[in-house]
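A.B. asks: with the input below, show me the fold.
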Amino acid sequence: MATAQETKNNITLRGSTEIVSEFFSYAVNSILYQRGIYPPETFERKKKYGLQMLVTADHGLNTYLSQVLMQLSGWLMQGALQKLVLVITSAATQEPLERWTFDIQPDCQAQTQEEVVQKPQKEIMSEIQAIIRQITASVTFLPMLEEACTFDLLVYTNLESSVPQEWEESDPRYITDQAEVRLRSFTTKVHKVDTMVAYKQEM
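C.D. replies: Numbering: from 1, shown residues only. Below is the predicted model:
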């Protein structure tokens, strides 16, 4: 039993990459649902992190997110991923209205596949659960999006990282007259993820 528990607490670079990539998937889905970017009927319920999560059933969106997350996983393994940003923009004017930022930092020296750090998975899941709850509660303080909106995913990597040919350079899509709210963070002891949302203040 002690051996099984110890194995559950062992976190490798690959294991951490899987945890962080999966978190990004659920966090992005949660934001798209909570902010009404896609119709609610295009989402289905799934149990994760001890919560009832909503994930898209839209084939095109699923394909896009899977491709992005596969690339992010590769960059996480290389220690090259610095930041993932979800930008919500007005469909009519292309003005950025919200900017959800996930900062990624290496949290220890376990940057090879063989090295192992110790942290109970239950503790990691609890930290992630707290962030997802905050995303769900964000509707209480974020301004209502009263117009049709679209979203983009921006990825920040090290300069030396190779980027797929089909990916495009983008400006940072900063928001004018913005307010910021810092959400919780989580760490696997290999990667640390800090979360923040910036939004356009109502004048």
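A.B. asks: CA only for contacts and neighbour counts going forward, please
C.D. replies: OK.
A.B. asks: surely Tyr26 is in a helix?
C.D. replies: Yes: counting by DSSP: H, G, I helix; E, B strand; the rest coil, Tyr26 is part of a helix.
A.B. asks: quick one, what contacts the spatially closest residue to it that is not a sequence neighbour?
C.D. replies: Leaving aside its chain neighbours, Tyr26 sits nearest to Val55 (7.0 Å; criterion: C-alpha to C-alpha, 6 or more residues apart in numbering). The contact partners of Val55, by C-alpha atoms under 8 Å, 6 or more residues apart in numbering, come to 26, 29-30, 33, 43-46.
A.B. asks: now do Tyr199
C.D. replies: 97-99, 142-143, 175, 178-180.
A.B. asks: please pick the buried ones from these.
C.D. replies: 97-99, 142, 175 (16 or more other C-alpha atoms under 10 Å).
A.B. asks: which of those sits closest to Ala80?
C.D. replies: Arg99 (21.4 Å; C-alpha to C-alpha).
A.B. asks: how much space between Arg35 and Lys83?
C.D. replies: From Arg35 over to Lys83 the distance is 21 Å, taken as C-alpha to C-alpha, to the nearest Å.
A.B. asks: now Pro89: closest residue in space, sequence neighbours ignored.
C.D. replies: Careful, residue 89 is Thr and not Pro. Pro96 (4.2 Å).
A.B. asks: in this structure the one you found contacts Ile88, no?
C.D. replies: Yes: at 5.9 Å, Pro96 and Ile88 qualify as touching, with contact defined as C-alpha atoms under 8 Å.
A.B. asks: these two - which one has more neighbours?
C.D. replies: Shown here are Pro96 and Ile88; by other C-alpha atoms under 10 Å, Ile88 has more neighbours (25 against 22).
A.B. asks: next, give phi and psi for that one.
C.D. replies: Ile88 has phi and psi values of phi -100, psi 130 when expressed as degrees, to the nearest 10.
A.B. asks: what sits opposite it in the beta ladder?
C.D. replies: Glu98, Phe151 (DSSP bridges).
A.B. asks: what residues are up against it?
C.D. replies: 96-99, 149-152.
A.B. asks: make JSON lines from the residues you listed and add distance to Ile11 and pLDDT to it.
C.D. replies: Compiled in JSON lines, the contacts of Ile88 are given as follows (distance: C-alpha to C-alpha, whole Å; pLDDT from 0 to 100):
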{"residue": "Pro96", "distance to Ile11": "37", "pLDDT": "94"}
{"residue": "Leu97", "distance to Ile11": "37", "pLDDT": "95"}
{"residue": "Glu98", "distance to Ile11": "33", "pLDDT": "96"}
{"residue": "Arg99", "distance to Ile11": "30", "pLDDT": "96"}
{"residue": "Cys149", "distance to Ile11": "38", "pLDDT": "96"}
{"residue": "Thr150", "distance to Ile11": "36", "pLDDT": "95"}
{"residue": "Phe151", "distance to Ile11": "33", "pLDDT": "96"}
{"residue": "Asp152", "distance to Ile11": "31", "pLDDT": "94"}
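A.B. asks: dump these to a markdown table, plus distance to Thr136.
C.D. replies: Formatted as a markdown table, the contacts of Ile88 follow (distance: C-alpha to C-alpha, whole Å):
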| residue | distance to Thr136 |
| --- | --- |
| Pro96 | 21 |
| Leu97 | 18 |
| Glu98 | 15 |
| Arg99 | 16 |
| Cys149 | 18 |
| Thr150 | 19 |
| Phe151 | 18 |
| Asp152 | 20 |
